[in-house]
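Colleague: with the input below, show me the fold.
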Amino acid sequence: MARKGKESKTVTQTTPIETAPIEGEKYVPRLKERYLKEVVPKLMERFGYENIMQVPRITKVVINVGVGEGKDDARAIDSAIKEVSLITGQRPIVRRAKRAIAGFRLRKGQPIAVTVTLRRDRMWDFLDRMINAALPRIRDFKGLSSEAFDGHGNYNLGITEQLIFPELTYDDIYRVRGMNITIVTTAETDEEAAALLKELGFPLRDGE
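Modeller: Numbering: from 1, shown residues only. The predicted structure follows:
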């Protein structure tokens with residue numbers, strides 16, 4: 001009887017070790033894995049990079065939602081925070097007016113926008129969902145403009161409705177509003193940045 005009890009105790013002690021995650025099996029976003037395995041070799045061959053560190057990469061994604069009515073309607077700001085949190089999985093910060101503008105009846109310190117900066121895995125997951133789930137839901141979508149680069153390898157994308165993201169429904173939103181998405185890369189030229197985004201699956205239009 002004592003031996004049976006001892007064996008039962010031993011099994012209980014070893015169970016946590018057996019069910020613990022195996023070292024090395026860390027979650028890697030699908031788009032990041034594609035970048036490392038497919039995009040990097042293609043860009044090195046195309047542009048003749050000698051070092052893997054020369055290959056352009058995305059460093060962060062900045063999402064900005066203007067909420068002009070937020071200065072008079074606190075619910076608008078709260079709704080924008082909730083919507084961006086659902087889309088990105090990260091709580092945004094509230095941007096406030098830096099100075100008063102009489103023509104817009106705006107006082108210094110009033111909330112006017114919400115902003116979130118995504119890096120690392122959350123950035124890759126957001127881009128993956130945007131490319132494969134959100135953009136195809138745009139009505140009469142014909143691709144993204146290839147002229148929206150800023151001359152320094154960064155890309156700016158304007159969205160007119162937040163409802164293209166499947167994380168949101170009509171019940172989740174307070175008002176239909178747009179957003180600006182800035183994709184920051186380490187590319188030195190717009191040509192390299194465009195090649196990076198195309199290889200990742202961004203539907204950039206050719207011939208513009």
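Colleague: quick one, strands of the chain?
Modeller: All strands of the chain, identified by DSSP state E, fall at 58-66, 93-96, 111-118, 155-159, 179-185.
Colleague: adding mean pLDDT, write those strands out as CSV.
Modeller: Formatted as CSV, the strands of the chain follow (pLDDT from 0 to 100):
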stretch, mean pLDDT
strand 58-66, 93
strand 93-96, 82
strand 111-118, 86
strand 155-159, 91
strand 179-185, 94
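Colleague: JSON lines please, covering those strands and showing distance to residue 49.
Modeller: All C-beta atoms are positioned from the backbone trio N, CA, C, and that covers glycine. Output for the strands of the chain, formatted as JSON lines (distance: least, C-beta to C-beta, whole Å):
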{"stretch": "strand 58-66", "distance to residue 49": "16"}
{"stretch": "strand 93-96", "distance to residue 49": "36"}
{"stretch": "strand 111-118", "distance to residue 49": "26"}
{"stretch": "strand 155-159", "distance to residue 49": "20"}
{"stretch": "strand 179-185", "distance to residue 49": "14"}
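Colleague: quick one: which of those is nearest residue 203?
Modeller: Closest to residue 203 of the strands of the chain is strand 155-159 (C-beta to C-beta; 11.2 Å).
Colleague: contacts for that closest one?
Modeller: 144, 148-150, 178-183, 185, 193, 197 (C-beta atoms under 8 Å, 6 or more residues apart in numbering).
Colleague: wait, doesn't residue 186 sit right on residue 60?
Modeller: No: Residue 186 is beyond contact range of residue 60, at 10.6 Å (criterion: C-beta atoms under 8 Å).
Colleague: re the thing from before, make CSV out of the strands of the chain and add mean neighbour count.
Modeller: Formatted as CSV, the strands of the chain follow (neighbours: other C-beta atoms under 10 Å):
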stretch, mean neighbour count
strand 58-66, 19
strand 93-96, 14
strand 111-118, 20
strand 155-159, 17
strand 179-185, 19
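Colleague: to residue 32, which of those lies closest?
Modeller: Set against residue 32 and scored by C-beta to C-beta, the strands of the chain come closest in strand 58-66, at 9.3 Å.
Colleague: nearest to residue 204 among the contacts of strand 155-159?
Modeller: Lowest distance from residue 204 to the contacts of strand 155-159 (C-beta to C-beta) belongs to residue 144, with 5.2 Å.
Colleague: so that closest one bridges to which residues?
Modeller: residue 204 (DSSP bridges).
Colleague: residue ranges in this structure under the pLDDT threshold?
Modeller: When residues are selected by pLDDT under 70, those of the chain lie in 1-25, 68-73, 98-99, 101-107, 109-110, 207-208.
Colleague: now do 50
Modeller: The model of the chain has pLDDT under 50 over residues 1-22.
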